[in-house]
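S.K.: below: sequence and its predicted model.
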Amino acid sequence: MAPTQTKQQIEEIEPFEAAQELEGGDVVLIDTREPHEYQEAHLENGKLVPPGLLADEIAEAAPNKSARTILYCRSGNRSFKAAEQLQALGYEDVASMAGGILAWQEQGLPVVSVSGMTAEQRDRYSRHTLLPEVGVDGQLKLLNAKVLLLGAGGLGAPTALYLAAAGIGTLGLVDDDVVDASNLQRQVIHNTERIGMPKTESARIFIEALNPDVNVVEHNLRLDSGNIIELIEGYDVIVDGADNFPTRYLLNDASVRLRKPVVSASILSFDGQISTFVPFEGPCYRCLYPTPPPAELAPSCSANGVLGVMAGTMGTLQANEVIKLVLGVGEPLIGRLLLYEALGTRFTELKVRRDPDCPICGENAPEVADEDLGKFPDYEAFCAG
Amino acid sequence: MATVRIPPVLRPQTGGQTEVEASGGNVGEVLRALTSEHPATEEQLFGPDGDLNRYVNVYLNDEDVRVLDGLATAVKDADTVIIMPAMAGG
């Protein structure tokens, strides 16, 4: 039999078809490449059976000869030959993925990496990967994480600094302000040369110089109920360092709807507070603060002053929370509010409960229309921070 | 005497003090002792109906008095009452 005729007998499927079948389950997926290729990147649940070991190892990897069995390799040649071999061994429902993992990745489909770090990254993150709680797997989680920072100011600057150093793969920054000389006492990612530059751009320059692994996404805009859903949808964790109440309630309402965890801190004078809100697992911002205070009880840092290093303490505590959430280790501040008072160097931890009557995350909370996100129907004198 | 922690926004009304000693058998009495000592704090803590303003969180030690007995929550001498309005600074 001529090879071309044989080739027609083997079913070849496109990566997207393979992805659909794999999602449906009941499929055995075989990777017919060499171990070092598998280590670099492979498909989730793909079982490695190198071509030279096929006859010996296939029975263990795919014990059921009537089960649907999909094979892939780098570009589709080795898997095709292996499919022929399997057919000859009596496998009844075999397919080879055309174009291999290269075509799969070209279509933006996800792969798993065992040692997916470059030599430079292994060096850069060695103090992380040495920690059993982080390890290579944890560092890869950080490198794949998408974190959005609301505000590139007093809190956002130190948070961004440590998240960038930690190798968070994508850092989104929301801020519509420009760098001012009065920011530099605490906003450590900006500098004197960049006064007048948009904060998102100044932050990007800083972060790229610190760590080229980080993809910085600038959102030079002000959040409102019309853009927030689209903006936060693509991120894994949101960090709230906003300087005003309307933005904080808006973020809360949108993040509860999308079930996005929020690490929230605020600062004033010598005092800071921080908590982590994971929707439906713990309380939300409105459970803690059902109503914003009137303007005279909500002074801003520009009116009251703020100790720069205290902002740094709270920002780095936020970064710590983000990293724990991404890694899935430790105990995030869910249901706990941590107060820090810098003059007394005193930390106080308070309990925060879910409010069963919360209008946003309570049991009987109504659906909130987009235009009502962050609103207070009975609250007219909404103050600016 | 219980200790009352004063948040930054109320410190102008307590002469800059971050903590004030106040006596009372429950949270309401302790806060009333504070407002009689520092009358300017009253309007910010209590509404016209005599209830705590909704935007003021009050904790007895580490627990929100809303999940205890509110202003009627019993206070012992060594207790700390923490007044904590939301802050928005970033």
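M.R.: Alright, I've got the coordinates.
S.K.: switch to C-alpha atoms for all contacts and neighbour counts from now on
M.R.: Fine.
S.K.: let me see the contact set for the closest residue to residue A:46 other than its chain neighbours.
M.R.: Spatial nearest neighbour of residue A:46, chain neighbours left out: residue A:29 (4.9 Å); criterion: Cα to Cα, 6 or more residues apart in numbering or on different chains. Contact analysis of residue A:29 by Cα atoms under 8 Å, 6 or more residues apart in numbering or on different chains lists A:45, A:46, A:47, A:69, A:70, A:71, A:72.
S.K.: can you tell me the SS state at the nearest residue to residue A:240 once chain neighbours are set aside?
M.R.: In space, and not counting its chain neighbours, residue A:240 is closest to residue A:264: 4.6 Å by Cα to Cα, 6+ apart. With DSSP: H, G, I helix; E, B strand; the rest coil as the basis, residue A:264 sits in strand.
S.K.: what sits against residue A:264?
M.R.: A:239, A:240, A:241, A:274, A:275, A:276, A:277, A:318.
S.K.: can you lay out those as JSON lines showing pLDDT and neighbour count?
M.R.: Rendered in JSON lines, the data for these read as follows (pLDDT from 0 to 100; neighbours: other Cα atoms under 10 Å in any protein chain shown):
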{"residue": "A:239", "pLDDT": "98", "neighbour count": "28"}
{"residue": "A:240", "pLDDT": "97", "neighbour count": "26"}
{"residue": "A:241", "pLDDT": "95", "neighbour count": "30"}
{"residue": "A:274", "pLDDT": "98", "neighbour count": "23"}
{"residue": "A:275", "pLDDT": "98", "neighbour count": "28"}
{"residue": "A:276", "pLDDT": "98", "neighbour count": "28"}
{"residue": "A:277", "pLDDT": "98", "neighbour count": "29"}
{"residue": "A:318", "pLDDT": "98", "neighbour count": "29"}
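S.K.: right, and the pair among those residues with maximum separation?
M.R.: Spatial extent of those (Cα to Cα) is set by the pair A:241 and A:277 at 13.6 Å.
S.K.: hey, where'd the strands end up in chain B?
M.R.: For chain B, the strands defined by DSSP state E cover B:2-5, B:19-22, B:56-60, B:63-64, B:80-85.
S.K.: check chain A too.
M.R.: With DSSP E applied, chain A shows strands at A:11-13, A:27-31, A:47-48, A:68-72, A:94-97, A:146-150, A:170-174, A:215-219, A:237-240, A:262-268, A:271-277, A:336-341, A:346-351, listed in chain order.
S.K.: got the contact list for the fifth one?
M.R.: Pointing back at strand A:94-97 there. Residues outside strand A:94-97 that contact it (Cα under 8 Å, 6+ apart): A:10-15, A:18, A:68-73, A:76, A:79-80, A:83, A:86-87.
S.K.: mind listing what's buried in the helix or strand bottoming out on mean pLDDT in chain B?
M.R.: Ranking every helix and strand in chain B by mean pLDDT, DSSP states H and E puts helix B:42-45 at the bottom, with a mean of 91. Within helix B:42-45, the residues that count as buried by 16 or more other Cα atoms under 10 Å in any protein chain shown are B:42, B:44, B:45.
S.K.: from residue A:154, how far out is the most far-flung residue of chain B relative to its centre?
M.R.: Within chain B, the residue lying farthest from the chain centre (Cα atoms, centre = their mean) is residue B:90, at 24.4 Å. Remark: distance between residue B:90 and residue A:154 (Cα to Cα, to the nearest Å) = 6 Å.
S.K.: so for the two, which residues contact both of them?
M.R.: Both residue B:90 and residue A:154 are contacted by A:241, A:311, under the criterion Cα under 8 Å, 6+ apart.
S.K.: nothing else from me, thank you.
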